[in-house]
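Participant: this one's structure only:
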């Protein structure tokens, strides 16, 4: 299996640019495709691109808050103690890689952002604990294992497409004939079975790709180890942040300083947020929107933080993970605008719907979703541009719309394994470059094609 990954490792190291350069290159590729494959001319394509740059500003803010609050929550003292405990579990390389993939996968089923952050932190902590015990681990594969778990995020609680169609008043309600409850998408037995099989498969694959010779192993870098120590990952209780907080606590003399360090303030605010969430779920059921996920992370983080100033410090540290995403997402929004306004996305979707039958439409939705996600790496944005076309085709062919929803979702999560955009927050924590991990995720990409494609075909066959 290691030899199978090697060609992809070489390919990525030689030819894959930085994610920002990747986004710029995709912009020009889509521009040429729009001009060449649609009736739009260069001026129309340029206008569509410029108009699209601001399409996702609200979503960008939501994504940034998700990543920051998830990162801050994962760096609270109780979360760090849990991470240290998890990091001590592996007693062999195979168990280490498999454990990290498991945590990344289960975390992603709960929330895509939490999965990325928790996976990266566990990968780093496992490497720290292993190094202290003399267990040699290939750090790039550990981090790749964390990202591999992300391949099942759209099958879980934060599935953008599934939550969209489950919300009363959604844009496709008339075409679908109402809402599609999550019991027919996320919690459908066939989806849960595919998710479990996929998770087991990636655990086995990540363990199987481990280097056999010591000369191939790249251990945890010293600078990443130092950062883990500062986060409290290898002992102590928060590293520099803990020391700074202790000093502030000892030196607080004014009322303002006492309020800054008063834990009851964060406890009160956190409790208020959790009370609101309890009311929300009591009245709305399992309506897990991105905003509700954000407030969940914020409320828990506040409850577990030592003080208001401590939480502010955690947020300041977390903000380093979102810079590249904030600057790149407008480029992808521009690509999305260009694909929508020039009709390019319709050309792609119409091709796949034109060769579909009632039983295969879900599969072609999956494949189309994988292609479009390469240019629009956003589950919600992707569903907005593809959903109407495939839902209309489903109505004409008599296909269960739940298969279409999950088909597009499967495609989105599948091609993330070769789309470097969502590696950014994970790599910011892990301290690696995208080229060091994506050779391994190429293997996951090819393996999950058969799992997702075959699974959605079987689900469609029972239509």
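Facilitator: That came through fine. None of these values were measured; they are calculated from a predicted model.
Participant: and the biggest helix by length in the chain, what's buried?
Facilitator: When the chain is parsed with DSSP state H, its longest helix is helix 438-461. Buried residues in helix 438-461, defined by neighbour count with 16 or more other Cβ atoms under 10 Å: 438-445, 447-449, 451-453, 455-457, 459-460. Yep, even glycine has a C-beta here, placed from its N, CA and C like the rest.
Participant: then stretch 24-33?
Facilitator: 26, 27, 30, 31, 33.
Participant: which of the residues you listed sits closest to residue 385?
Facilitator: Among those, residue 30 lies closest to residue 385 (Cβ to Cβ), at 12.4 Å.
Participant: coming back round to it: which elements pack onto the longest helix of the chain?
Facilitator: helix 2-15, helix 139-148, helix 189-208, helix 361-375, helix 401-415 (3 or more Cβ pairs under 8 Å, 6 or more residues apart in numbering; DSSP states H and E).
Participant: compute the mean per-residue pLDDT across the fourth one, please.
Facilitator: Just to be clear, that refers to helix 361-375. On average, the pLDDT along helix 361-375 is 93.
Participant: kindly report the same for stretch 51-62.
Facilitator: Taken as a whole, stretch 51-62 carries a mean pLDDT of 86.
Participant: just the buried positions in it, please.
Facilitator: Buried residues in stretch 51-62, counted by 16+ other Cβ under 10 Å: 52, 53, 55, 56, 59, 60, 62.
Participant: could you say which of the helices and strands packed on helix 438-461 is packed most deeply?
Facilitator: Per-stretch averages of neighbours, counted by mean count of other Cβ atoms under 10 Å, single out helix 139-148 among these, with a mean of 31.
Participant: need the next SSE after it, C-terminal direction.
Facilitator: helix 160-165 (DSSP states H and E).
Participant: how far does the helix or strand following that following helix sit from the chain's center?
Facilitator: Where DSSP H and E defines the elements, the next helix or strand beyond helix 160-165 is helix 173-176. The gap between where helix 173-176 is centred and where its chain is centred comes out at 28 Å by Cα atoms, centre = their mean, to the nearest Å.
Participant: what packs against helix 173-176?
Facilitator: helix 379-397.
Participant: so which elements touch the helix it packs on?
Facilitator: helix 160-165, helix 173-176, helix 323-341, helix 344-354, helix 361-375, helix 401-415.
Participant: in TSV: these, plus distance to residue 88.
Facilitator: Listed next are the helices and strands packed on helix 379-397 as TSV, based on distance: least, Cβ to Cβ, whole Å:
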stretch	distance to residue 88
helix 160-165	35
helix 173-176	48
helix 323-341	32
helix 344-354	48
helix 361-375	37
helix 401-415	30
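Participant: of those helices, which approaches residue 294 most closely?
Facilitator: Closest of the helices and strands packed on helix 379-397 to residue 294 is helix 160-165, at 13.6 Å (criterion: Cβ to Cβ).
Participant: re earlier: what's the angle from the longest helix of the chain to helix 189-208?
Facilitator: Angle of helix 438-461 versus helix 189-208, following axes from the mean of the first three to the mean of the last three Cα atoms, to 10 degrees, is 160 degrees.
Participant: helix 438-461 vs helix 401-415, what angle?
Facilitator: Orientation of helix 438-461 against helix 401-415 (the same axes, to 10 degrees) gives an angle of 170 degrees.
Participant: and helix 438-461, how far out from the chain middle?
Facilitator: So, by Cα atoms, centre = their mean, the centroid of helix 438-461 is 17 Å from its chain's centroid.
Participant: quick check, nearest of the buried residues of stretch 24-33 to residue 356?
Facilitator: The closest of the buried residues of stretch 24-33 to residue 356 turns out to be residue 33 (Cβ to Cβ; 22.0 Å).
Participant: and the residue nearest to the closest one when sequence neighbours are not counted, what is it in contact with?
Facilitator: Using Cβ to Cβ, 6 or more residues apart in numbering and skipping the chain neighbours, the partner closest in space to residue 33 is residue 344 (6.0 Å). Neighbour list for residue 344: 30, 33, 34, 37, 38, 338 [criterion: Cβ atoms under 8 Å, 6 or more residues apart in numbering].
Participant: how close does the fourth one get to residue 350?
Facilitator: Looking back up the chat, that one is residue 37. 11 Å (Cβ to Cβ, to the nearest Å).
Participant: ditto for residue 139
Facilitator: 45 Å.
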